[in-house]
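Q: Give me a 3D structure for the following:
(one chain, ligands or ions: 3)
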Amino acid sequence: MAEPLRIALAGLGTVGAGVIRLLDENAALVGARAGRPLQIVAVSARDRAKDRGVDLSRYDWCDDMTAMAARDDVDIVVELVGGSDGPALTLARNTIAQGKGLVTANKAMIAHHGLALAEAAESAGVALKFEAAVAGGIPVVKGLREGAAANAIESVQGILNGTCNFILSTMEDSGADFADVLAQAQAHGYAEADPTFDIEGIDAAHKLAILSAIAFGARLDFAQVHAEGIARVRAADIARAKDLGFVIRLVGSADVEPAPGGGQRLLQRVRPCLVPDGHPLAHVDGPTNAVVAQGNFSGRLLFQGAGAGDGPTASAVVADLIDIARGEAGPAFSVPVGDLAPLEPADAGERTGRNYIRFTVADRPGVLAEITAAMRDAGVSIESLIQQGRQKEGGEVLVAMVVHEGPARTVTEALRLLEGSESLTAPPLVMPILAA
Ligand SMILES: NC(=O)c1ccc[n+]([C@@H]2O[C@H](COP(=O)([O-])OP(=O)(O)OC[C@H]3O[C@@H](n4cnc5c(N)ncnc54)[C@H](O)[C@@H]3O)[C@@H](O)[C@H]2O)c1
Ligand SMILES: N[C@@H](CCO)C(=O)O
Ligand code: NA
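A: Residues are numbered from 1 along each chain as shown. Ligands and ions are numbered 1, 2, ... in the order given. Here you go, the predicted model:
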């Protein structure tokens, strides 16, 4: 048998412990496929005493994870700590500087520092791999980077956050409150250390930025991703959407369009959307993730599976290790960093589509007239409107409408006209309606 690939593992939480369990349980098949045993030699985390349900006595414990890369008995580092900066980034930089490969599940770090890390890895001739960072166990990085490598990808659309999908689909099934369902998602280990990243769409935005770089060969630029979260989606929106034949899902979409002066422009957005029954993302429930990609020769590709949790995420981490052991690493993105194209953002206001708009209003005469006047003045045409009967005199009323297909800037303009109106009790919520 060939020499083992000796691994330093930083981070022993949900994913780190999952990697240890996978390497224990599947040791023989993983070793056979890698062509050599994958052997953890050193581990590091915050709390040495914590019981993680795995035997750590076999490994060297390191108090300072950032020093693990320099060990002579380590060939490769697996970073499962998290955080875009801090010790995870120091460890990643140290690892590459030591001429060693890095496997990470850290989408925040790759979204913010992926270009610099990939550039350093290319100069050092070492691997940087992050399959687990995007859609957990789904081999979508590999699928787009390798499987679909012969295509010009026109668009990607995905459910990229298991926590949000679990929350939305559980609210839909049970009518439970947002806060209770969030606690369940955290208990399952789906949520990030700071769940606001999940709820605010930031985690999905990290993943979308990485996918765009791979799918379109775009120079990764996280600041270009527009992100809206799900915290303002109410049970009443879910019920209205259902009446209209839609489910609500947090969807990340990215696509390219021709730029006026030649070349391409890129639009990257994460938003809660109304998804029609016939759409491939409509039946993606629980912590499941899915990505739909349109290739110019492959046609529509659908990747679906568990986007979070210990087992699925460990599966992706170890797949990357197997690639490295086989010597199949290649560039971190689809092309070397210097060949990624710096694409300008496309104008979202010019995009046309149907939208769902929900207002919460004070129950008094003239409110509906004020809203519809703003729609008229902005050139937004109303397709249907539901006003939920008032619960009590002077109470809050929900007005939910679907507007006909039109440029997004007209909806923005209608809402601008209503800004500061005393009739509205909270800012309106706009959700795009996806085409089937
Ligand atoms: N949980 C999932 O389903 C999932 C899925 C895909 C990707 N990820 C990513 O994997 C990484 C790990 O996620 P997790 O869910 O396992 O997290 P976790 O919170 O369960 O575990 C993090 C581990 O890192 C250690 N750690 C954190 N900060 C540290 C510090 N400053 N110094 C030393 N040790 C520190 C903790 O002690 C713990 O062992 C993150 O980047 C996350 O985004 C997680
Ligand atoms: N917090 C993330 C973990 C997987 O990246 C999610 O909920 O999808
Ligand atoms: Na993945």
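
Q: contacts, neighbours, all on C-alpha from now
A: OK.

Q: Could you list the domains of the chain?
A: 5-133, 142-307+341-348, 349-433 (automatic domain parsing).

Q: mind giving me a markdown table with those domains and columns for mean pLDDT?
A: Shown next, in a markdown table, are those (pLDDT from 0 to 100):
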| stretch | mean pLDDT |
| --- | --- |
| domain 5-133 | 97 |
| domain 142-307+341-348 | 95 |
| domain 349-433 | 93 |
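
Q: Of all the ones you listed, which one is nearest ligand 3?
A: Closest to ligand 3 of the domains of the chain, according to C-alpha to the ion: domain 5-133, at 4.3 Å.

Q: Dig out what the residue nearest to residue 282 when sequence neighbours are not counted forms beta bridges with.
A: In space, residue 282 comes closest to residue 275 once its chain neighbours are excluded; the distance is 5.6 Å by C-alpha to C-alpha, 6 or more residues apart in numbering. Note on residue 275: beta-bridge partners residue 247, judged by DSSP bridges.

Q: Now for residue 275: which residues touch it?
A: Going by C-alpha atoms under 8 Å, 6 or more residues apart in numbering, residue 275 touches 246, 247, 248, 249, 281, 282, 433, 434, 435, 436.

Q: Can you tell me which of those residues are buried?
A: Neighbour-count burial (16 or more other C-alpha atoms under 10 Å) is assigned, among the contacts of residue 275, to 246, 247, 248, 249, 281, 282, 433, 434.

Q: one step back: how much space separates the residue nearest to residue 282 from residue 355?
A: Using C-alpha to C-alpha, to the nearest Å, residue 275 is found at 11 Å from residue 355.

Q: Name the residues contacting each of the two.
A: Overlap of the contact sets of residue 275 and residue 355 (by C-alpha under 8 Å, 6+ apart) consists of residue 433.

Q: Ligand 1 contacts on the stretch 151-300 of the chain?
A: Neighbours of ligand 1 within the stretch 151-300 of the chain, by C-alpha under 6 Å from any ligand atom: 189, 190, 192, 193.

Q: ok, and the closest non-adjacent residue to the first one?
A: Using C-alpha to C-alpha, 6+ apart and skipping residues adjacent in sequence, the residue nearest residue 189 is residue 309, 5.9 Å away.

Q: The third one now?
A: By the measure of C-alpha to C-alpha, 6+ apart, the closest residue to residue 192 outside its immediate chain neighbours is residue 198, 6.6 Å from it.

Q: Over to residue 229?
A: Excluding the flanking residues, the one nearest residue 229 by C-alpha to C-alpha, 6+ apart is residue 200, at 3.7 Å.

Q: Isn't that neighbour up against residue 233?
A: No - using C-alpha atoms under 8 Å, residue 200 makes no contact with residue 233, being 11.4 Å away.

Q: Need phi/psi at the nearest residue to residue 258 once chain neighbours are set aside.
A: Nearest residue to residue 258, sequence neighbours excluded (C-alpha to C-alpha, 6+ apart): residue 264, at 4.5 Å. Main-chain dihedrals, residue 264, degrees, to the nearest 10: phi -130, psi 150.

Q: so how far is residue 409 from residue 264?
A: For residue 264 relative to residue 409 (C-alpha to C-alpha), the value is 21 Å.

Q: Mind checking which of the contacts of residue 275 land in strands?
A: 246, 247, 248, 249, 433 (DSSP state E).

Q: Which helix or strand contains the residue lying closest to residue 337 once chain neighbours are set aside?
A: Spatial nearest neighbour of residue 337, chain neighbours left out: residue 119 (6.0 Å); criterion: C-alpha to C-alpha, 6+ apart. For residue 119, the host element (DSSP states H and E) is helix 107-124.

Q: mind listing what's buried in that helix?
A: Quick answer for helix 107-124 (16+ other C-alpha under 10 Å): 107-115, 117-122.

Q: Which two of the residues you listed have the greatest separation?
A: Across those, the two members that end up farthest from each other (C-alpha to C-alpha) are 108 and 122, 20.4 Å apart.

Q: and the one residue in the stretch 101-250 of the chain that gets nearest to ligand 1, what does it touch?
A: For the stretch 101-250 of the chain and ligand 1, the shortest gap (C-alpha to the nearest ligand atom) falls at residue 106, measuring 3.4 Å. Going by C-alpha under 8 Å, 6+ apart, residue 106 touches 79, 80, 81, 82, 83, 84, 130, 132, 133.

Q: Quick check: it vs residue 312, distance?
A: Separation of residue 106 from residue 312 (C-alpha to C-alpha) stands at 15 Å.

Q: do residue 302 as well
A: Taking C-alpha to C-alpha, one finds residue 302 at 18 Å from residue 312.

Q: Helices of the chain, start to end?
A: 14-25, 27-34, 86-97, 107-124, 140-142, 162-174, 178-187, 196-199, 202-216, 235-243, 310-326, 367-378, 408-418 (DSSP state H).

Q: Quick check: which of the ones you listed is buried the most?
A: For the helices of the chain, average neighbour numbers computed from mean count of other C-alpha atoms under 10 Å are highest in helix 202-216, which has a mean of 27.

Q: Run through who's touching that one.
A: Contacts with helix 202-216, where a contact means C-alpha under 8 Å, 6+ apart, come from 107-108, 110-111, 133-135, 141, 144-145, 152-154, 156, 159-161, 196-198, 218-222, 225-229, 252-254, 256, 268-270, 333-334, 340.

Q: Make a ChimeraX selection of the buried ones in these.
A: Only the buried members of the contacts of helix 202-216 end up in this ChimeraX selection, burial being decided by 16+ other C-alpha under 10 Å:
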select :107,108,110,111,133,134,135,141,144,145,153,154,156,159,160,161,197,198,218,219,220,221,222,225,226,227,228,229,252,253,254,256,268,269,270,333,334,340
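
Q: Restricted to strands, list the contacts of helix 202-216.
A: 153-154, 156, 159, 226-227, 252-254, 256, 268-270.

Q: how about the domains of the chain in CSV, adding distance to ligand 3?
A: Formatted as CSV, the domains of the chain follow (distance: least, C-alpha to the ion, whole Å):
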stretch, distance to ligand 3
domain 5-133, 4
domain 142-307+341-348, 7
domain 349-433, 26
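
Q: on that earlier part again, of the contacts of residue 106, closest to residue 413?
A: Closest approach between the contacts of residue 106 and residue 413, by C-alpha to C-alpha: residue 84, at 35.8 Å.
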